[in-house]
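Q: Got a sequence here, can you build the structure:
(chains A, B, C and D)
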Number of protein chains: 2
Amino acid sequence: MGTPSLADVAEHAGVSAITVSRALRTPEKVSKHLRDRVEASVAKLGYVPNPAASALASTVSTTIALILPSLTNTVFDDVLHGLYEGLGDAPYFLQIGNSHYSALKEEELIRQFIRQKPAAFIVTGFGQTEQSHRMLKNARCPVVQIMDVGRETVDMSVGFDHVAAGAAVARHFLDCDYRRLGYIGARLDVRSQQRMQGFIAAAAGDAPVDDRRIATSPADSSVGLGRQLLEQLLARAPDTDAVFCNNDDLAVGALMEARRRKFDVPNALGICSFHDNEFARHMIPPITAIATPRKEIGKRAIEMVLAEIREPNSVRERHCDLGFELMHRETTRPVAG
Amino acid sequence: MGTPSLADVAEHAGVSAITVSRALRTPEKVSKHLRDRVEASVAKLGYVPNPAASALASTVSTTIALILPSLTNTVFDDVLHGLYEGLGDAPYFLQIGNSHYSALKEEELIRQFIRQKPAAFIVTGFGQTEQSHRMLKNARCPVVQIMDVGRETVDMSVGFDHVAAGAAVARHFLDCDYRRLGYIGARLDVRSQQRMQGFIAAAAGDAPVDDRRIATSPADSSVGLGRQLLEQLLARAPDTDAVFCNNDDLAVGALMEARRRKFDVPNALGICSFHDNEFARHMIPPITAIATPRKEIGKRAIEMVLAEIREPNSVRERHCDLGFELMHRETTRPVAG
DNA sequence: TTGAAAGCGCTAACAT
DNA sequence: ATGTTAGCGCTTTCAA
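A: Numbering: from 1, shown residues only, chains lettered A, B, ... in the order given. As a prediction, the model looks like this:
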């Protein structure tokens, strides 16, 4: 015989299997006397529960299903760190599914996860298909949608407002007296587009964003791509005086390209980044950026989920807007006035 | 009734459950006739297998156990990307355990994983406890140890030689005529220490590394910490002429600190980084670094594992040294001579 | 090539 | 507070 089973523990402790099960899962329902005996046997035999058997027998497993649109985007690394930090030693397994930014693939993943009776779902954004939405509604477990805020929530949500964040950048540029605004972005998912739209809309009155000043690419974002995109943008619109970069990689690339061209940053060219990774603020000059609560989103999401698992409907704040913060550093001019 | 089970598919197709099971797992053992009927029913009912039931009934699950010492270290993000890329659509789930750089915690994780009858184990390094080693040996599934190369392998391994990598940096510094060599590092795990020792040993003959020129910290590595550590090192040994940085964050920080002090890099101070993230080569000046095959390690590890699952003992190269490469850029002088 | 029966290790439901 | 029974959905073993 290999590893000991519940029955082995039961025999060793001289009790029934169900008592061992209870002693382990709901110790308060077992008398101290038997609980002690069970615990001793568990320790003696080195018993570890078999999650597959327990998943099969009960209505929920110890799997928390997580669906991310990308694993190569560092934003989700940060979210993951928050998730694992929040998870701590809780007896749940995070199972990651990668939807590759496809709602159909996501639907497929949800279908697979459903079979595992996950203890909870954490999914990215609000772009689910109708089917997905229905499956999540029917899953009878907590569901958190992360990264974004919105109305059509399945159950709970944590994120921030991307439209507002884009608008904040536009307003900042205007406050600093920039007027010929540009935008560079890579791999434009829904949320990036919201940022861009918020940016364009907020700029529209005072400094409409010219199409020639928008440079994007379907490629993954990287520092090298940031250089290229700025180059493209300047080739088409050399008099651009400020660029909103859709993330830190691109912003660092743009800054390096600007330096190579001996541009005066921030006077001749302002740069504002998005997300604010640690290295952005250590560049020379330090990069102005919208700081986003990536790690906090992960941590909060898992906390909500664990709380709901413990005690359904116990979470009061079911929709958290964690906000963002503009870090005004040295790649944008001082506020005019 | 919720989601359809194997029995439902069997009934719908007018065959027995076991035939459906076979049609799905070993289609070559079922006649084309029945196979087609089964497939049609599977599609019609939208059947998705229940992994818990299959894990319980069979001797292996579809879980691949992965033990990483850290999730906050970007090195492992890269490894993870390689793992997921190599996994592709293979029907296995990666289950990540975080050992927090503790061999005991790792042992505990292995014990838990064993209960799940994983299809394979991927563990980091060679620092397992004796118990862990024994459990892995007895697990009757492929095991790959990643990141390092070494002799006392459980089963298979993929990595590179950290001692040799450290030595290569020392030799490079000497070739470029640096003589007062320093080292900065954060969160020193076994492999970092091997790098440091390789570095010190290789420098010993021509330019022994003075203790005052070693600055380390138990904190997580970051750009800010790189600045601080260089500052500390220079406070103690202002005439240091080259620094080996244990990773890219630190190197970028060191470069920024050097720039703040208006040091002439590479002439007055040489900087060599480790890992070579994409941004390192886009800094100004581009950073000389040892490029490590992090992503390739992940990809290769999963490939080995999948090959062994399909066909035990089919993998020929069971111990892969993926090597490293010194990228000589502009933070170290041209080679003297 | 196909099927029937048994059982993987646990928990839900129902006693006591 | 504790135990008995049945069954989760699949695969193994054995038989035809």
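
Q: check contacts around residue A:186.
A: Shown in contact with residue A:186 (C-beta atoms under 8 Å, 6 or more residues apart in numbering or on different chains): A:216-222, A:225, A:229, A:246-247, A:249-250. Using the backbone N, CA and C atoms, a C-beta is placed for each residue, glycine as well.

Q: Mind checking if the helix or strand that contains residue A:41 is in reach of DNA strand C?
A: In the assignment (DSSP states H and E), residue A:41 maps to helix A:32-45. No - using C-beta under 7 Å from any atom of the strand, helix A:32-45 never reaches DNA strand C; the gap is at least 10.3 Å.

Q: same deal with stretch A:137-144?
A: No - Stretch A:137-144 is not in contact with DNA strand C by C-beta under 7 Å from any atom of the strand; minimum separation 12.9 Å.

Q: How far does that stretch stretch from one end to the other?
A: Using C-alpha to C-alpha, to the nearest Å, one end of stretch A:137-144 lies 11 Å from the other.

Q: same question, stretch A:240-257
A: Using C-alpha to C-alpha, one end of stretch A:240-257 lies 14 Å from the other.

Q: what separates that stretch from the chain centre, distance-wise?
A: 22 Å (C-alpha atoms, centre = their mean, to the nearest Å).

Q: right, is that stretch up against chain B?
A: Yes - using C-beta under 8 Å from any C-beta of the partner chain, stretch A:240-257 comes into contact with chain B via A:249, A:252-253, A:256.

Q: List just the nearest of the contacts of residue A:186 to chain B.
A: Nearest to chain B among those, counting by C-beta to the nearest C-beta, is residue A:222 at 5.3 Å.

Q: so the closest one makes contact with residue B:281?
A: No - the criterion here is C-beta atoms under 8 Å, and residue A:222 misses it with residue B:281 at 10.6 Å.

Q: Could you verify that residue A:170 is part of a strand?
A: No - assessed with DSSP: H, G, I helix; E, B strand; the rest coil, residue A:170 is helix; it does not lie in a strand.

Q: Among the residues of stretch A:240-257 next to chain B, name the buried ones.
A: Buried members of these, scored by 16 or more other C-beta atoms under 10 Å in any protein chain shown, are A:249, A:252-253, A:256.

Q: now the helices for chain A?
A: Using DSSP state H, the helices of chain A run over residues A:6-13, A:17-25, A:32-45, A:51-57, A:74-87, A:103-115, A:130-138, A:162-175, A:190-203, A:223-236, A:248-260, A:294-310.

Q: Name all residues that make contact with the closest residue in space to residue A:8 that isn't next to it in sequence.
A: For residue A:8, ignoring the flanking residues on the chain, the nearest one in space by C-beta to C-beta, 6 or more residues apart in numbering or on different chains is residue A:45 at 6.1 Å. With contact set as C-beta under 8 Å, 6+ apart, residue A:45 has these partners: A:4, A:8-9, A:12.

Q: picking up where we left off before, C-alpha coordinates for the helix holding residue A:41, CSV please?
A: Extracted C-alpha coordinates of helix A:32-45, given in CSV (Å, rounded to 0.1, in the frame of the first residue of the first chain):
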residue,chain,number,x,y,z
LYS,A,32,-12.2,16.9,21.5
HIS,A,33,-11.6,13.4,22.5
LEU,A,34,-11.9,11.8,19.1
ARG,A,35,-10.4,14.9,17.4
ASP,A,36,-7.2,14.4,19.3
ARG,A,37,-7.1,10.7,18.4
VAL,A,38,-7.7,11.5,14.8
GLU,A,39,-5.1,14.2,14.7
ALA,A,40,-2.5,11.9,16.2
SER,A,41,-3.2,9.2,13.7
VAL,A,42,-3.0,11.7,10.8
ALA,A,43,0.3,12.9,12.0
LYS,A,44,1.5,9.4,12.7
LEU,A,45,0.6,8.1,9.3
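
Q: and it with DNA strand D, contact?
A: Yes - using C-beta under 7 Å from any atom of the strand, we find that helix A:32-45 touches DNA strand D at A:33-35.

Q: Enumerate the residues of chain A near DNA strand D.
A: Within reach of DNA strand D by C-beta under 7 Å from any atom of the strand, chain A has these residues: A:15-19, A:22, A:29-31, A:33-35, A:56-57.

Q: Separate out the buried members of the residues you listed.
A: A:15, A:19, A:22, A:30, A:34-35, A:56.

Q: I'd like to know which of those is nearest to chain B.
A: The closest of those to chain B turns out to be residue A:56 (C-beta to the nearest C-beta; 4.6 Å).

Q: and residue A:215, what does it touch?
A: Residue A:215 neighbours (C-beta under 8 Å, 6+ apart): A:182-185, A:229-230, A:232-233, A:236.

Q: Serialize those residues to CSV and add fields for neighbour count and distance to chain B.
A: Shown next, in CSV, are the contacts of residue A:215 (neighbours: other C-beta atoms under 10 Å in any protein chain shown; distance: C-beta to the nearest C-beta, whole Å):
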residue, neighbour count, distance to chain B
A:182, 28, 20
A:183, 26, 20
A:184, 27, 15
A:185, 24, 18
A:229, 28, 13
A:230, 29, 12
A:232, 15, 17
A:233, 22, 17
A:236, 14, 22
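
Q: and of these, the nearest to DNA strand D?
A: Nearest to DNA strand D, judged by C-beta to the nearest atom of the strand, of the contacts of residue A:215 is residue A:185 at 43.3 Å.

Q: Surely residue A:152 and residue A:125 touch.
A: No - in this structure, residue A:152 is not within contact of residue A:125 by C-beta under 8 Å, at 11.1 Å.

Q: Settle it for me: which of those two has more neighbours?
A: Neighbours per residue (other C-beta atoms under 10 Å in any protein chain shown) separate residue A:152 from residue A:125, with residue A:125 holding more: 22 against 9.
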